[in-house]
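Novice: test case, fold it:
(3 chains)
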Amino acid sequence: MAPAKTYPRIYRTTRRIPRGRVATYGQIAELSGLAGHARQVGYAMHALDSETNVPWHRVINAQGRVSLGDLAGRAQRALLENEGVVFDGSGKVDLARFRWRPRSR
DNA sequence: GCCAGGGCGCTAA
DNA sequence: ATTAGCGCCCTGG
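Specialist: Numbers count the residues shown, from 1 in each chain, chains lettered A, B, ... in the order given. The predicted structure follows:
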């Protein structure tokens, strides 16, 4: 069957995330018209290559935590901190403050 | 903080 | 065709 058109939508939505802001997988899914299928978003991120223009590091899970392991996790964290996003002692982001809010501004 | 279970779409074997 | 696994999310103990 024809390939899914899911990834392009996800990438498009992800690119809209402003610098210094983060979004959750579920949020991206919803904005991409894939409400409830957050898993696809995570999978799409993994499918990206190094030349991508998609800010995958701005996408984190619903707990405000980076879903990756140690290595990639701290790399992502470093990228976000470089943009002004703050992590607490547990390596979590305060979503109430840094979560991207589209259309509500 | 941890683990278990169900649900959704896609990929690899 | 089927199975299993995933950068998930939610609920519950």
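Novice: every contact and neighbour count from this point should use C-alpha atoms.
Specialist: Noted.
Novice: which is the succeeding secondary structure element to the helix or strand containing residue A:40?
Specialist: Using DSSP states H and E, the element containing residue A:40 is helix A:38-46. Counting by DSSP H and E, the element after helix A:38-46 in chain order, helix or strand, is strand A:59-60.
Novice: so what does residue A:69 look like in phi/psi?
Specialist: phi -80, psi -170 (degrees, to the nearest 10).
Novice: how far away is it from residue A:76?
Specialist: With distances taken as Cα to Cα, to the nearest Å, residue A:69 is found 10 Å from residue A:76.
Novice: so between these two, which is more surrounded?
Specialist: residue A:76 (20 against 9; other Cα atoms under 10 Å).
Novice: got a list of what the more buried one touches?
Specialist: By Cα atoms under 8 Å, 6 or more residues apart in numbering, the contact list for residue A:76 reads A:57, A:66.
Novice: that older thread, the helix holding residue A:40 close to DNA strand C?
Specialist: Yes. Under the criterion of Cα under 7 Å from any atom of the strand, DNA strand C is reached by helix A:38-46 at A:38-39, A:41-43, A:45-46.
Novice: among these, name the buried ones.
Specialist: Neighbour counting by 16 or more other Cα atoms under 10 Å classes A:38, A:41-42, A:45 among the residues of helix A:38-46 next to DNA strand C as buried.
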